[in-house]
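Q: how does the following fold in three dimensions:
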Amino acid sequence: MPNLTGKDVTFQVDNAGASITDISSHLNQASIQAAITMIEDSALGDDDRTYLSGLHGKTLPVNGFWNSTTEAIYGPLLAARTSLTKTVEYGDGNRYFNGESLVNNVQVTGAVDTVQTFSVDHTISGALNRTSVKLT
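A: Presented below is the predicted three-dimensional model:
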């Protein structure tokens, strides 16, 4: 199988009407990150550090173009006092990763002679599902 490229990446998020919306054509970057907290349990007299596996965290940061589609989804969050839950799905060309996320770190940027852009982090709350079936 050939290597996958950025052209294979898809990203979906639910809109204000709670319908899943593919915003891939409005993004210029999407990624999925997973980390496990490492809990050190080394004791006095140990020669080497030892660790326990802790909690698993997942984040889906995205960047893209600020337009009527993305503003309708993320614009209300700029004024919100709390993080809102959104269903998200990241596709890599072979598999889809989806779950419920808390939206945080919304940023909109504009400068002279440039297109307005945005960035946002989706922090997964609970399980992240890995499937071969795309959300509809």
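
Q: ok, which stretches of this structure are helices?
A: Using DSSP state H, the helices of the chain run over residues 68-79.

Q: hmm, what's the outermost residue in it?
A: With distances taken as CA atoms, centre = their mean, the residue sitting farthest from the centre of the chain turns out to be Gly45, at 42.2 Å.

Q: now for the helix or strand of the chain with the lowest mean pLDDT, which elements pack on it?
A: Within the chain, confidence by mean pLDDT, DSSP states H and E is lowest for helix 68-79 among all helices and strands, at a mean of 92. Helices and strands touching helix 68-79, by 3 or more CB pairs under 8 Å, 6 or more residues apart in numbering; DSSP states H and E, are strand 96-109, strand 117-124. For every residue, glycine as well, the C-beta is placed using N, CA and C.

Q: distance between the longest one and the chain's centre?
A: A distance of 5 Å separates the centroid of the chain from that of strand 96-109, by CA atoms, centre = their mean, to the nearest Å.

Q: name the helices or strands packed onto that strand?
A: Helices and strands in packing contact with strand 96-109 are listed as strand 51-65, helix 68-79, strand 85-91, strand 117-124, strand 129-131; criterion 3+ CB pairs under 8 Å, 6+ apart.

Q: what residues does the last one touch?
A: The list of residues contacting strand 129-131 from outside it, by CB atoms under 8 Å, 6 or more residues apart in numbering, reads 95-99.

Q: show me the shaky parts of the chain.
A: Within the chain, the ranges that satisfy pLDDT under 70 run 1, 81-83.

Q: and the spatially most central residue of the chain, how far is that from Thr70?
A: Centre of the chain computed as the mean C-alpha position; nearest residue by CA atoms, centre = their mean is Leu60, 1.7 Å away. Summarising the geometry, the distance separating Leu60 from Thr70, computed by CB to CB, to the nearest Å, is 15 Å.

Q: do the same with Val103
A: 12 Å.

Q: and for Ala34?
A: As judged by CB to CB, Ala34 and Thr70 stand 25 Å apart.
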